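*Asks:* Predicted model, plus sequence, below.
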Amino acid sequence: MQLAKVGDVAKRLCVSERTVYRLTDMGMMPRPLKIGRAVRWYATTASPK
C-alpha cells in the first residue's frame, strides 16, 4: 500500500494543496495518516468521496 504526500494528492485532483486540506476538513476526503510530523494519504483513496 503506497502513501501519497499532499502535493501528489493535489496534482491528482487538479487542486491546490490547501484545497486538499479543506476537503479533508469538510469530510469530503478521507482523513490522512499522521506519521510523526508527516501527513500522508493512502494513494488508492486519495480522491473525493
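*Replies:* It's in.
*Asks:* longest single strand anywhere in this protein?
*Replies:* strand 38-42 (DSSP state E).
*Asks:* Partner strands of that one and their direction?
*Replies:* In the sheet, strand 38-42 lines up against strand 3-4 (antiparallel), strand 33-35 (antiparallel) (DSSP bridges).
*Asks:* Residue 19: which element?
*Replies:* If you go by DSSP states H and E, residue 19 is part of helix 17-25.
*Asks:* Could you export that helix as PDB, CA atoms only?
*Replies:* Taking Å, rounded to 0.1, in the frame of the first residue of the first chain, the C-alpha atoms of helix 17-25 are listed here in PDB:
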ATOM      1  CA  GLU A  17      -2.600  21.700  -1.600                       C
ATOM      2  CA  ARG A  18      -4.700  24.000   0.700                       C
ATOM      3  CA  THR A  19      -7.800  22.700  -1.100                       C
ATOM      4  CA  VAL A  20      -6.800  19.100  -0.200                       C
ATOM      5  CA  TYR A  21      -6.800  20.100   3.500                       C
ATOM      6  CA  ARG A  22     -10.100  22.000   3.100                       C
ATOM      7  CA  LEU A  23     -11.800  19.000   1.500                       C
ATOM      8  CA  THR A  24     -10.400  16.800   4.300                       C
ATOM      9  CA  ASP A  25     -11.800  19.200   7.000                       C
END
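*Asks:* where does the residue lying farthest from the centre of the chain land on pLDDT?
*Replies:* Most distant residue from the mean C-alpha position of the chain: residue 36, 16.1 Å away (Cα atoms, centre = their mean). Per-residue confidence (pLDDT) for residue 36: 96.
*Asks:* now it: how far from residue 14?
*Replies:* According to Cβ to Cβ, to the nearest Å, residue 36 and residue 14 sit 29 Å apart. Every C-beta, even on glycine, is put in place using the N, C-alpha and C of the backbone.
*Asks:* picking that back up, next up, the contacts around the residue farthest from the centre of the chain.
*Replies:* Listed by Cβ atoms under 8 Å, 6 or more residues apart in numbering, residue 36 has no contact partners.
*Asks:* Which residues belonging to the one helix or strand residue 11 maps to are considered buried?
*Replies:* Using DSSP H and E, residue 11 sits in helix 6-13. Buried residues in helix 6-13, counted by 16 or more other Cβ atoms under 10 Å: 6, 8, 9, 10.
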